[in-house]
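Undergrad: pasting a predicted model and its sequence here:
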Amino acid sequence: MTTFTTPSSDTVSAADSSTQDTVAKQRAIQAEQDHHDDAKKKPSEKKPPGSNHDRAAPGPGHEEPSPPLPRQTLEKPGNESDLKLEPRYAAEHYRGSGKLDGMSVLITGGDSGIGRAVAVLCAREGADVAIAYLDEHEDARKTCQLIEAEGARSLAIAGDVKDVAFCNATVSKVVSTFGKLNVLINNAAFQEHAASLDDLTEERFDETFRTNIYGYFHMAKAALPHLHRGDSIINTGSVTGLRGSKELLDYSATKGAIHAFTKALAHNLAERGIRVNAVAPGPVWTPLNPADKTPDDIENFGASTHLGRPAQPEEISPAYVFLAAPCCSSYITGIVLPITGNAGDGA
């Protein structure tokens, strides 16, 4: 049975109010940037559909969706259920073999996208899986159904990772429900493009940093007392943290910080036998990008990669299982694993 944890009626609280404040703030940032984009838009900037690539790059035994992709913009924080093209998360080609039997996993931003795909595979490998998410309740319910369909227990907890109290309460809830915590996967993120440095306000810069790097710090600190030798932390970085992105100044900076945090924390926890690693994806078809980019950008999303398309979440998720499973990666710590669709990207 799925357990959903949202603020109780007698605490309606601060937690619910804080979450709604965050959603409103992120939508305001999105609307302000849309206004800037409209003012600067030139007719010549639009690219014809499929102008970069007119082929579909090979996927895991089948063709994957390639540009032109559906022209769409989502309202933040972005619901996977609203995407015109459903991301592939089920990884039907992947066979579980008990790599995470008896383990308990917590995934932030686990309701959709990469987080959902990772949740499915962790459950398939035998782990009970908890997901933390902002307010995408419909997506979270579906993810929990997918976890349980794999024979695992699920737990969904709504709230804001910027809030230290929420992070502490989330970890406590996971431990009290599943009896332990073995793997923390930090994956929640906020992203909004900016055409120039002038578009970035201090408030907006702060929102990105407090979500993307402070949230990871808060969750890691909350989880640490419950982790033991053989357990691990996995952080979601980004190709933008490896080589930057001119329209994602603040986001790129947070991802670079996550990579450095991963390496430093890995060194810090090595003597305790707790491994810390990161995955750095390139473009991935999730709600994060349609809730950031314009329809023109989304149409050609991922077209500039060597493989000519964005990844599907199910192509990224096996890396998290590999890094979480002691049977696969007991001698790996402090790495940033690039999965970018490009030759030559490295940490």
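TA: In hand now; what should we look at?

Undergrad: just want the phi and psi numbers for Ala280.
TA: phi -120, psi 90 (degrees, to the nearest 10).

Undergrad: okay, now the residue nearest to it when sequence neighbours are not counted: neighbour count?
TA: Of all residues not flanking Ala280 in the chain, Gly237 sits nearest, at 4.0 Å (CB to CB, 6 or more residues apart in numbering). In short, each C-beta sits where N, CA and C put it, glycine included. For Gly237, the neighbour count with other CB atoms under 10 Å is 27.

Undergrad: do the one 4 residues further on as well
TA: Gly241 is flanked by 26 other residues according to other CB under 10 Å.

Undergrad: same question, Gln26
TA: Neighbour tally, Gln26, other CB under 10 Å: 23.

Undergrad: residues contacting the residue nearest to Ala280?
TA: Gly237 is in contact with 255, 258-259, 262, 278-281, 336, counting by CB atoms under 8 Å, 6 or more residues apart in numbering.

Undergrad: try Leu134
TA: 19, 22-23, 77, 158-160, 188.

Undergrad: again, only using 10 Å
TA: Residues counted as contacts of Leu134 (CB atoms under 10 Å, 6 or more residues apart in numbering) are 19-20, 22-23, 26, 76-78, 108-109, 111, 140, 158-162, 188, 190, 211.

Undergrad: check Asn342 too.
TA: Asn342 touches 239, 243, 282-283, 304-307, counting by CB under 10 Å, 6+ apart.

Undergrad: rewinding a little: let's have the contacts of Gly237 in a markdown table, adding secondary structure and distance to Cys327.
TA: Formatted as a markdown table, the contacts of Gly237 follow (DSSP: H, G, I helix; E, B strand; the rest coil; distance: CB to CB, whole Å):
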| residue | secondary structure | distance to Cys327 |
| --- | --- | --- |
| Lys255 | helix | 29 |
| Ile258 | helix | 26 |
| His259 | helix | 26 |
| Thr262 | helix | 21 |
| Ala278 | strand | 20 |
| Val279 | strand | 18 |
| Ala280 | strand | 23 |
| Pro281 | strand | 24 |
| Val336 | strand | 22 |
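
Undergrad: for those residues, which one is nearest Leu323?
TA: Val279 (7.1 Å; CB to CB).

Undergrad: what is the most widely separated pair among the contacts of Gly237?
TA: Thr262 and Pro281 (14.1 Å).

Undergrad: the more surrounded of those two?
TA: Thr262 (29 against 24).

Undergrad: between the contacts of Gly237, which is nearest Ala152?
TA: Val279 (21.3 Å).
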